[in-house]
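Trainee: Based on what follows, work out the 3D shape:
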Amino acid sequence: MTSEPTSFARQLERLEEIVRRLEAEDLDLDQALKLFEEGVERLRQARERLTVAEAKVKQVLSDHAGKLRVEDFDG
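Mentor: Numbering: from 1, shown residues only. Reported below is the predicted structural model:
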């Protein structure tokens, strides 16, 4: 495995792949446990990246007086 972190998009793709494989009927217990462990770790990493990204967005949105403007991007 390379030392470079996997892109966020690739992390999500792999998580989706893991879910599909876990839903397969022909998966044995050992394979399922390995996939589950990998999925949990990738999810943890993705959450960390989102937390860092959120902090950066908040920093960019802070005004000159040091007050934080939090904006809702959901709609």
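
Trainee: For this protein, which residue occupies the most central location?
Mentor: Ala46 (2.0 Å; CA atoms, centre = their mean).

Trainee: Surely it touches Ser7?
Mentor: No: assessed by CB atoms under 8 Å, Ala46 is found out of contact with Ser7, at 10.8 Å. Using the backbone N, CA and C atoms, a C-beta is placed for each residue, glycine as well.

Trainee: rewinding a little: could you find the closest non-adjacent residue to the residue nearest to the centre of the chain?
Mentor: Spatially, and ignoring its direct neighbours in sequence, Ala46 is nearest to Gln11 (5.1 Å; CB to CB, 6 or more residues apart in numbering).

Trainee: got the buried residues for the host helix or strand of the one you found?
Mentor: Secondary structure from DSSP states H and E places Gln11 in helix 8-23. Buried positions in helix 8-23, judged by neighbour count with 16 or more other CB atoms under 10 Å: 11, 18.

Trainee: Could you point out the longest helix of this protein?
Mentor: helix 29-61 (DSSP state H).

Trainee: Report the buried residues of that one.
Mentor: Buried, per 16+ other CB under 10 Å, within helix 29-61: 35, 39, 42, 46.

Trainee: show me where pLDDT drops low in the protein?
Mentor: 1-5, 63-75 (pLDDT under 70).

Trainee: If we use 90, what do you get?
Mentor: Residue ranges of the chain with pLDDT under 90: 1-8, 25, 55-75.

Trainee: Tell me the spacing between Arg10 and Arg20.
Mentor: 16 Å (CB to CB, to the nearest Å).
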